[in-house]
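Participant: Just the structure for this:
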Amino acid sequence: MFKIGTFYKCFEFPKYQELEDDLRDHCIKRQIKGTIILTPEGINATVSSDKDKALEDLNLYLNNLVGDIEFRFSSSKTSPFKRLKIKKRKELVPSGTNGKSYNHKGKYLTPSEWLNFVHDSKNIIIDLRNDYENKVGTFKNSISPDTKNFREFKYFLKKNKKKFEDKNIGIFCTGGIRCEKALHSFEEEGLTDIYQLQGGILNFLSESKDKSSWQGDCFVFDERVTVTKDLAPGNFKQCYACRRPLSEEDLKRSEYKKGISCHNCFFEKSESDRIRYAERQKQFDMNKS
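Facilitator: Okay, the predicted model is just below:
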């Protein structure tokens, strides 16, 4: 069984690049795979290992270096990652703003507090994730910005500012990091009554006894593609051309070609793209066999 840990911490981290080598060595020795993002404004990661206490050791290692980091755990019978990736970026998540996540302190709601909040019809609930994530699953009566990427969110907020004035607004995303970044955009528009789901959807599904307000699966950025309400791997597959999730019905559509295209990206990609993807899939199948 593979244990999966998701975590982030927003803090001023000017020497973030110096951590890479030691962190890589620590993970390799414990056979930890996944993606770790190091930035000047903090750290964001999802990692996994089937080695006993490997992630607990990583948590302790990071706590000693950068202070307390809370891991959110789930599990899978198969490895959700093929390799370890440590990436150095300017932002925890590309936002298209100059705001630093560590400059904004959120108003956090625990899963039980969140339930009370979403059941109050006077409150507005906004799903900060992309359109393809929202279609897989979301909270009842939540608003989707219908964005292709998080950088578009600030434009949605500016366009709909009048609708949100003098309202209590609840925001959520997969693990919480996009909520941290979004606070800057809300502040720019003069919106201050913002409440965020602590630990994101994954924490809610892990901790809440009443999950009836959640509909569908939750998209995750690893080999599982989605997880159910019980955090078990879902039944969605992924299009390796555009990375979008595909249901069993989507896989039956004529536009779907494994590793090459799906109905979401068939008209977005060129014929030369599809030829390139076909060659990549051929190489992948040969290596697998």
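
Participant: contacts and neighbour counts: CA atoms only from here.
Facilitator: Noted.

Participant: Quick one: residues contacting T6.
Facilitator: 45-47, 71-73, 175 (C-alpha atoms under 8 Å, 6 or more residues apart in numbering).

Participant: My reading is that it lies in a strand. Confirm?
Facilitator: Yes - assigned with DSSP: H, G, I helix; E, B strand; the rest coil, T6 falls within a strand.

Participant: Would you point out the most distant pair within the contacts of T6?
Facilitator: Using C-alpha to C-alpha, the contacts of T6 reach their maximum pairwise distance at V47 and G175, which is 13.2 Å.

Participant: Give me the more crowded residue out of the two.
Facilitator: More neighbours surround V47 than the other of V47 and G175, with 26 against 23 (other C-alpha atoms under 10 Å).

Participant: mind putting the contacts of T6 in JSON lines, pLDDT and secondary structure included?
Facilitator: As requested, these are exported to JSON lines (pLDDT from 0 to 100; DSSP: H, G, I helix; E, B strand; the rest coil):
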{"residue": "A45", "pLDDT": "97", "secondary structure": "strand"}
{"residue": "T46", "pLDDT": "97", "secondary structure": "strand"}
{"residue": "V47", "pLDDT": "98", "secondary structure": "strand"}
{"residue": "F71", "pLDDT": "94", "secondary structure": "coil"}
{"residue": "R72", "pLDDT": "92", "secondary structure": "strand"}
{"residue": "F73", "pLDDT": "92", "secondary structure": "strand"}
{"residue": "G175", "pLDDT": "96", "secondary structure": "coil"}
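
Participant: I'd like to know which of these are buried.
Facilitator: In the contacts of T6, burial by neighbour count holds for 45-47, 71-73, 175, counting by 16 or more other C-alpha atoms under 10 Å.
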